[in-house]
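Novice: The following comprises the amino acid sequence and a computationally predicted model.
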Amino acid sequence: MAADYHVHIEKGPYTIEWLKKFVDTGLGRGLTEIGISEHGYRFDEGYNAFSSDGFRGEWIKRRKGQKISEYVALIEEAKAMGLPVKLGIEADYIPGKEKEIKEFLEPYPWDYIIGSVHWIEDWGIDLNECMEKWNSWDVDSVYLEYFNMVEKMAKTGMFDFIGHIDLVKIFGFRAKPHTFDKIKRNLEEIAKTGIAIEVSTAGFRKPVGEIYPSEKIMKMIKEYNIPVLVNSDAHTPEDVARDFDRAYNYIKPYGINTLYYFKERKRIPYNI
């Protein structure tokens, strides 16, 4: 039993044929089901929820253009055909946009919603085109601001699990050890919300070259008994369930043997 709930199909058309490439790879790697979770900013209907008057708005404007109804209809059609897929979405958390995000998400029958932080105001912290900002910001301050945002996101109650919780390390910039004493308080508060956290193999494919989350964060997840999923953040069929064997070997020494399916926003445990 296994699932991969962080899969993006946005690089191809919204067709059953394209979707099946992801499903077939996942099944071939031992998955029971695949959760598709397109980025919310890809949809015209989500523009007000994720945009700004500055760089973030311009960046999103160049990437939107999909209709969310077409995406939802595709996954519903796939389900009706018997394909083992779930309907998800990855929604950026933008402080101050909670009302707009909620209104964007509410109308649709999601199986789960991923909450992620990619932006600190107009700074895309994982974007190559924004790399120069890392050289002008204090790394410890960035980590603290980032994890404060993740905590606020968890407390909204709008999301089912947190995507790539320490994405902030993507380019290899590291906070000093004492900074994690404060981050631990963020994890303690996150644990109180009941939200789950993904362990993401995408980090192996990024400049940092390591899994999300780091051992420091993973120890906190274990200490506070936060539920865990293993996901790939695949954007191509070949990346579905990629490196899951490494992820399972990573979490098992922490005593984690239970992962989760989602259905209609409900979490269902399974053992690995």
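Specialist: Sure, I can see it. Numbers count the residues shown, from 1 in each chain.
Novice: do you know how far the closest residue to Phe262 other than its chain neighbours is from Ala196?
Specialist: With Cβ to Cβ, 6 or more residues apart in numbering as the criterion, Phe262 has its nearest non-adjacent residue at 3.8 Å, and that residue is Tyr112. Heads up, the C-betas are built off the backbone N, CA and C, glycines and all. In this view, Tyr112 and Ala196 are 9 Å apart by Cβ to Cβ, to the nearest Å.
Novice: Can you list the residue ranges for helices in the stretch 151-272 of the chain?
Specialist: 179-193, 215-223, 244-251 (DSSP state H, counting those that start in this stretch).
Novice: circling back: overlap in contacts of Tyr112 and Ala196?
Specialist: Asp160, Phe161 (Cβ atoms under 8 Å, 6 or more residues apart in numbering).
Novice: Compare those two and say which is more crowded by neighbours.
Specialist: Between Tyr112 and Ala196, counting by other Cβ atoms under 10 Å, Tyr112 is the more crowded of the two (26 against 22).
Novice: what sits against that one?
Specialist: Counting by Cβ under 8 Å, 6+ apart, Tyr112 touches Tyr5, Gly35, Ser37, Lys86, Gly88, Asp160, Phe161, Phe262, Arg265.
Novice: phi, psi of it?
Specialist: The phi and psi values for Tyr112, taken as degrees, to the nearest 10, are phi -170, psi 160.
Novice: right, and Ile36 touches Ile9 too?
Specialist: Yes. Using Cβ atoms under 8 Å, Ile36 is in contact with Ile9, at 5.9 Å.
Novice: residue contacts, the most centrally placed residue in the chain?
Specialist: Nearest to the geometric centre of the chain sits Gly163, at 2.6 Å (Cα atoms, centre = their mean). Applying Cβ under 8 Å, 6+ apart, we find Gly163 in contact with His6, Glu90, Ile114, Gly115, Ser116, Glu198, Ser200, Asn231, Asp233.
Novice: And the residues you listed, which is closest to Ile256?
Specialist: Glu198 (12.4 Å; Cβ to Cβ).
Novice: you'd agree the closest one is up against His164?
Specialist: Yes. Between Glu198 and His164 there is a contact under Cβ under 8 Å: 6.8 Å.
Novice: could you dump the helices of the stretch 151-272 of the chain to a markdown table with mean neighbour count and mean pLDDT?
Specialist: Formatted as a markdown table, the helices of the stretch 151-272 of the chain follow (neighbours: other Cβ atoms under 10 Å; pLDDT from 0 to 100):
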| stretch | mean neighbour count | mean pLDDT |
| --- | --- | --- |
| helix 179-193 | 17 | 98 |
| helix 215-223 | 17 | 98 |
| helix 244-251 | 17 | 97 |
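Novice: Dump those helices into a markdown table; add distance to Thr15 as well.
Specialist: Shown next, in a markdown table, are those (distance: least, Cβ to Cβ, whole Å):
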| stretch | distance to Thr15 |
| --- | --- |
| helix 179-193 | 37 |
| helix 215-223 | 37 |
| helix 244-251 | 26 |
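Novice: Nearest to Ala80, out of the ones you listed?
Specialist: helix 244-251 (27.8 Å).
Novice: Tell me what angle the closest one forms with helix 215-223.
Specialist: Comparing the axes of helix 244-251 and helix 215-223 via axes from the mean of the first three to the mean of the last three Cα atoms, to 10 degrees yields an angle of 70 degrees.
Novice: Which strands or helices does helix 244-251 pack on?
Specialist: strand 196-200, strand 228-231 (3 or more Cβ pairs under 8 Å, 6 or more residues apart in numbering; DSSP states H and E).
Novice: then it to PDB, C-alphas only?
Specialist: Provided in PDB are the C-alpha atoms of helix 244-251 (Å, rounded to 0.1, in the frame of the first residue of the first chain):
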ATOM      1  CA  PHE A 244      10.500   6.400  -2.300                       C
ATOM      2  CA  ASP A 245      12.700   3.600  -1.200                       C
ATOM      3  CA  ARG A 246      15.100   6.200   0.100                       C
ATOM      4  CA  ALA A 247      12.300   8.100   1.800                       C
ATOM      5  CA  TYR A 248      11.000   5.000   3.600                       C
ATOM      6  CA  ASN A 249      14.500   4.200   4.800                       C
ATOM      7  CA  TYR A 250      14.800   7.800   6.000                       C
ATOM      8  CA  ILE A 251      11.600   7.800   8.100                       C
END
